[in-house]
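*Asks:* Could you work out the structure for the sequence below:
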Amino acid sequence: MEVVINDGCISCGLCTDLCPEFEMGPEGTAVPVENPVPEKWEGCSYEAAENCPVSVIEIEE
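*Replies:* Here you go, the predicted structure:
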């Protein structure tokens, strides 16, 4: 699976709190650390996508 962060991230940091797959990039918005996502981080990546307040995290199988 891969993670895509679509336009509109509000830099709330929820995804980085929930999962080590995410970090805040140089522009202050969320970015994936690795693509494809390591298996150990798949569950928390889904959790981050489901809980993103602006629904900009997309999971691609």
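*Asks:* In three-state terms, how would P26 be classified?
*Replies:* Classification of P26 by DSSP: H, G, I helix; E, B strand; the rest coil places it in coil.
*Asks:* Give me the neighbour count for it.
*Replies:* 6 (other C-beta atoms under 10 Å). Any C-beta I mention is one placed from the backbone N, CA and C, and that applies to glycine too.
*Asks:* try G8
*Replies:* Applying other C-beta under 10 Å, I find that G8 has 10 neighbouring residues.
*Asks:* Next: E39.
*Replies:* 8.
*Asks:* That one and I10, how far apart?
*Replies:* Distance, E39 to I10, using C-beta to C-beta, to the nearest Å: 29 Å.
*Asks:* For I5, give me phi and psi.
*Replies:* Note on I5: backbone dihedrals following degrees, to the nearest 10 are phi -100, psi 110.
*Asks:* A helix includes P36, no?
*Replies:* No: secondary structure of P36 (three-state DSSP): coil, not part of a helix.
*Asks:* Now it: closest residue in space that isn't a chain neighbour?
*Replies:* Of all residues not flanking P36 in the chain, E2 sits nearest, at 5.3 Å (C-beta to C-beta, 6 or more residues apart in numbering).
*Asks:* show me the contacts for the one you found.
*Replies:* For E2, the contacting residues are P32, N35, P36, V37, I59, E60, by C-beta atoms under 8 Å, 6 or more residues apart in numbering.
*Asks:* Give me the phi and psi for it.
*Replies:* phi -130, psi 160.
*Asks:* can you point me to the longest helix in the chain?
*Replies:* Counting residues, the longest helix found in the chain (DSSP state H) is helix 42-51.
*Asks:* Please enumerate residues in contact with that helix?
*Replies:* 1, 3, 14-15, 18-22, 37, 57-59.
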